[in-house]
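Novice: Could you look at this predicted model? Sequence included:
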Amino acid sequence: MKILGIYGSPRKDGNTDLMLNAFLEGAAGEGAEIERLYVRDLAMSGCLECGQCDETGICAVKDDMVSVYPMLEKAGNIVVATPIFFYGVTGQLKLMIDRSQASYMAKALAVRDGGKKPPGPPRRGVLLSAGATRGKRLFECAALTIKYFFDALDVVYSGDLCFRQIEGKGAVRLHPTALEECFKAGRDFVLHA
């Protein structure tokens with residue numbers, strides 16, 4: 001099994017980085033092949049809404065997203081980790097998600113032209129997140145954004161693991177079960193494929 005871990009935080013070694021590391025460690029322990037993508041390291045701009053991808057399935061903007069498209073396409077499964085910024089995903093991650101419209105259009109154009117989805121088990125995806133507040137609806141916007149991102153890539157949203165009241169770099173280490181739960185979720189993700 002291949003898993004692409006997408007690190008959506010602008011802060012290196014922050015809480016969601018630690019959560020994703022634990023998840024991927026659990027998955028790797030069960031034999032998963034891991035690839036990592038650090039969105040904070042990408043030099044990219046937002047979608048221009050120019051319409052080129054609607055016609056060709058290829059984004060007109062030539063920046064670091066050019067190297068991301070093949071990663072998204074070949075990923076067997078995807079796990080996205082993001083802290084909550086104003087009840088949503090980080091700006092850096094949102095740029096990448098918006099630019100994934102080209103991936104969606106490439107798929108739609110292929111189907112329109114008689115192509116079919118490749119056979120095989122469905123790709124699955126998970127959201128890992130942490131937020132500073134206790135808000136009852138703290139993760140709803142992020143989860144909805146990730147669900148539509150996964151849908152554009154033909155990835156089935158398989159669930160999430162989200163923790164409230166995690167603030168300050170490394171504070172997730174103080175949570176009694178968070179990192180252990182992430183590790184176990186990574187193991188289970190592979191074992192129950």
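Specialist: It's in.

Novice: Report the beta-bridge partner residues of the most centrally placed residue in the chain.
Specialist: The centroid of the chain falls nearest to residue 80 when counting by C-alpha atoms, centre = their mean (2.8 Å). Residues in a beta bridge with residue 80, per DSSP bridges, are residue 6, residue 127.

Novice: If we go by neighbour counts, what in the lowest-mean-pLDDT helix or strand in the chain is buried?
Specialist: When the helices and strands of the chain are compared on mean pLDDT, DSSP states H and E, helix 101-112 comes out lowest with a mean of 90. Across helix 101-112, burial judged by 16 or more other C-beta atoms under 10 Å covers 101-107, 109. C-beta coordinates here come from the backbone N, C-alpha and C atoms, glycine included.

Novice: Show me what it packs onto, helices and strands only.
Specialist: On a contact count with 3 or more C-beta pairs under 8 Å, 6 or more residues apart in numbering; DSSP states H and E, helix 101-112 meets helix 52-56, helix 65-74, helix 140-152.

Novice: could you dump the buried residues of helix 101-112 to a markdown table with distance to residue 153?
Specialist: What follows is these, written out as a markdown table (distance: C-beta to C-beta, whole Å):
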| residue | distance to residue 153 |
| --- | --- |
| 101 | 11 |
| 102 | 11 |
| 103 | 6 |
| 104 | 7 |
| 105 | 12 |
| 106 | 10 |
| 107 | 8 |
| 109 | 15 |
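
Novice: on that earlier part again, helix 65-74 and the least confident helix or strand of the chain, what's the angle between them?
Specialist: When axes from the mean of the first three to the mean of the last three C-alpha atoms, to 10 degrees is applied, the directions of helix 101-112 and helix 65-74 differ by 50 degrees.

Novice: what sits up against helix 101-112?
Specialist: Applying C-beta atoms under 8 Å, 6 or more residues apart in numbering, the contact partners of helix 101-112 are 47, 53-54, 56-59, 69, 72-73, 117, 152-154.

Novice: residue contacts, residue 31?
Specialist: Going by C-beta under 8 Å, 6+ apart, residue 31 touches 1, 190.

Novice: likewise residue 190?
Specialist: 1, 26-27, 30-32.

Novice: Identify the farthest-apart pair in those residues.
Specialist: Greatest spatial distance among those (C-beta to C-beta): 1 and 26, at 12.4 Å.

Novice: Which residue of the two possesses the greater neighbour count?
Specialist: Taking other C-beta atoms under 10 Å, residue 1 and residue 26 do not tie; residue 26 has more neighbours (22 against 15).

Novice: For the closest residue to that one other than its chain neighbours, which residues are in contact?
Specialist: Nearest in space to residue 26, with sequence neighbours left out and distances taken as C-beta to C-beta, 6 or more residues apart in numbering, is residue 186 at 2.9 Å. Residue 186 makes contact with 22-30, 32, 79 under the criterion C-beta under 8 Å, 6+ apart.
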